[in-house]
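could you work out the structure for the sequence below:
(one chain, ligands or ions: 1)
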Amino acid sequence: MNWENLYERLTTINSKIRVYQDEPMKKHTNFRLGGPAALLVIPETEAALIATVQTVRETQAPMLLIGNGTNLLIRDGGFPGIVVKINHQGMKAVTVEGTKITAEAGALLSTVSKRAQQAGLSGLEFAGGIPGSLGGAVYMNAGAYGGEMKDVVTSVRVLNQSGEVSTFTREELAFGYRTSRFHQAGDIVLSVTMELMEKDPGEILLTMKELDFKRTSKQPLDKPSAGSTFKRPEGDYAGRLIDVAGLRGLRYRGARVSPKHCGFVILDGEGCAKDVETLIGMIQKTVFDQFGVQLEREVIILGDEKGDGDE
Ligand SMILES: Cc1cc2nc3c(=O)[nH]c(=O)nc-3n(C[C@H](O)[C@H](O)[C@H](O)COP(=O)(O)OP(=O)(O)OC[C@H]3O[C@@H](n4cnc5c(N)ncnc54)[C@H](O)[C@@H]3O)c2cc1C
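Residues are numbered from 1 along each chain as shown. This is a model prediction of the structure:
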């Protein structure tokens with residue numbers, strides 16, 4: 001692939017496309033890890049995104065879509081293709097209309113939640129502390145404290161694999177525990193409409209503050225991570241099993257089981273994605289050996305291993 005040509009092409013087709021060459025992915029993930037992408041593209045508008053995807057498709061370059069990078073571990077070899085990033089650096093418009101909120105996929109979930117509170121709309125209190133984009137939250141059916149995206153989303157506009165824009169209703173989104181139709185379909189979420197309920201803004205704020213306190217007192221938010229590393233196993237908690245297995249604080253080079261919350265693998269000091277991936281494997285093996293429970297990853301691991309000859 002001639003990345004220089006593609007870079008030139010992307011920078012000229014639409015003025016709202018920002019393109020970076022050989023961009024370290026550690027600048028775009030909450031883990032602060034990940035080798036370079038050949039090109040990283042941030043479309044600032046929906047039209048810019050559509051033009052980007054069309055161009056990428058024409059060249060058949062490998063493409064990876066990310067949101068705010070908060071549920072991702074990108075390997076140290078990076079991604080030898082184009083990473084398209086949809087977050088609040090680009091498509092972030094939010095509109096409130098009665099009890100309905102429609103927002104672009106790049107809007108931060110925390111911003112949308114705050115806008116709902118200010119408008120006296122209840123239903124997104126659970127989402128105030130989830131650091132992802134709205135598109136990533138729909139993809140993951142993000143949730144916390146008894147709430148999930150599936151409870152509020154009514155429809156999603158997408159750009160599908162054939163380059164067409166279409167709309168799906170909630171029933172068509174195949175929402176489940178940390179999953180949605182997008183895990184299979186490969187469609188790109190453009191915007192999301194949510195239906196909320198009227199409530200006193202002060203009461204909503206109080207709930208949000210309580211949840212925020214719970215989160216900050218229990219989670220290692222001062223360390224790079226991708227949030228909960230594992231999904232909840234049936235009838236239990238990953239953090240509890242990891243703790244009882246004696247792994248609290250376990251370190252593998254720069255990666256560590258958070259001493260504050262065993263469900264989080266954190267980066268603690270100098271480290272690389274390989275350290276994190278290795279520690280995740282060690283945790284899974286120990287928990288399986290001790291309890292027969294296979295912990296399933298919630299964090300998504302992507303990209304290439306670093307080769308021997310890589311710098
Ligand atoms: C400190 C911390 C706390 C967290 N707490 C929670 C929590 O309480 N609950 C919870 O559920 N999660 C939590 N998370 C995980 C994470 O924030 C969520 O999974 C979030 O929804 C991911 O959104 P993102 O934009 O960062 O997606 P990314 O991590 O960038 O991407 C995740 C997946 O979504 C896909 N994606 C992103 N944008 C789009 C789009 N526009 N269209 C289609 N697919 C897209 C990507 O391709 C990728 O496969 C936490 C993470 C951290 C770091």
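
roughly how far apart are Phe126 and the ligand?
In this structure, Phe126 lies at 8 Å from the ligand, with C-beta to the nearest ligand atom, to the nearest Å as the measure. In this view, the C-beta of every residue, glycine as well, is placed from N, C-alpha and C.

show me what contacts that residue?
143-148, 211 (C-beta atoms under 8 Å, 6 or more residues apart in numbering).

run through these and flag the ones next to the ligand.
Restricting the contacts of Phe126 to those adjacent to the ligand (criterion: C-beta under 6 Å from any ligand atom) gives 143-144.

run a quick neighbour tally on Ile17.
In terms of burial, Ile17 registers 22 neighbours under the definition other C-beta atoms under 10 Å.

spell out which parts of the stretch 51-200 of the chain neighbour the ligand.
Residues of the stretch 51-200 of the chain lying close to the ligand (C-beta under 6 Å from any ligand atom) are 65-72, 86, 105, 130-133, 135-137, 139-140, 142-144, 182, 188-189.

for the stretch 51-200 of the chain, just list every one of the strands.
All strands of the stretch 51-200 of the chain, identified by DSSP state E, counting those that start in this stretch, fall at 63-66, 72-74, 79-85, 94-97, 100-104, 121-122, 143-144, 147-148, 153-159, 165-169, 188-195, 197-198.

now do the buried residues in the lowest-mean-pLDDT helix or strand in the chain.
Confidence across the helices and strands of the chain bottoms out at helix 182-185, with a mean of 92, counting by mean pLDDT, DSSP states H and E. Burial within helix 182-185, assessed by neighbour count using 16 or more other C-beta atoms under 10 Å, is assigned to Phe182.

against which helices or strands is that helix packed?
In terms of contacts (3 or more C-beta pairs under 8 Å, 6 or more residues apart in numbering; DSSP states H and E), helix 182-185 is packed against helix 134-140.

CA atoms only for the helix it packs on - export them in PDB, please.
Included here for helix 134-140 are C-alpha records, laid out as PDB according to Å, rounded to 0.1, in the frame of the first residue of the first chain:
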ATOM      1  CA  LEU A 134     -21.600   7.200  22.300                       C
ATOM      2  CA  GLY A 135     -20.800   5.000  19.300                       C
ATOM      3  CA  GLY A 136     -18.500   2.900  21.400                       C
ATOM      4  CA  ALA A 137     -21.100   2.700  24.100                       C
ATOM      5  CA  VAL A 138     -23.800   1.400  21.700                       C
ATOM      6  CA  TYR A 139     -21.300  -1.100  20.200                       C
ATOM      7  CA  MET A 140     -20.500  -2.400  23.700                       C
END
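
just say which of the strands of the stretch 51-200 of the chain is most tucked in.
Comparing the strands of the stretch 51-200 of the chain by mean neighbour count (mean count of other C-beta atoms under 10 Å), strand 72-74 ranks first with a mean of 27.

may I have the strands that pair with that strand, each with its orientation?
As defined by DSSP bridges, the strand partners of strand 72-74 come to strand 300-302 (parallel).

pLDDT score for Glu8?
At Glu8 the predicted local distance difference test score is 95.

my read is it is in a helix, agree?
Yes: secondary structure assignment (DSSP: H, G, I helix; E, B strand; the rest coil) places Glu8 inside a helix.

tell me who's in contact with Thr167.
Thr167 makes contact with 155-158, according to C-beta under 8 Å, 6+ apart.

closest one of the residues you listed to the ligand?
Closest approach to the ligand among the contacts of Thr167 (C-beta to the nearest ligand atom): Val158, at 7.4 Å.
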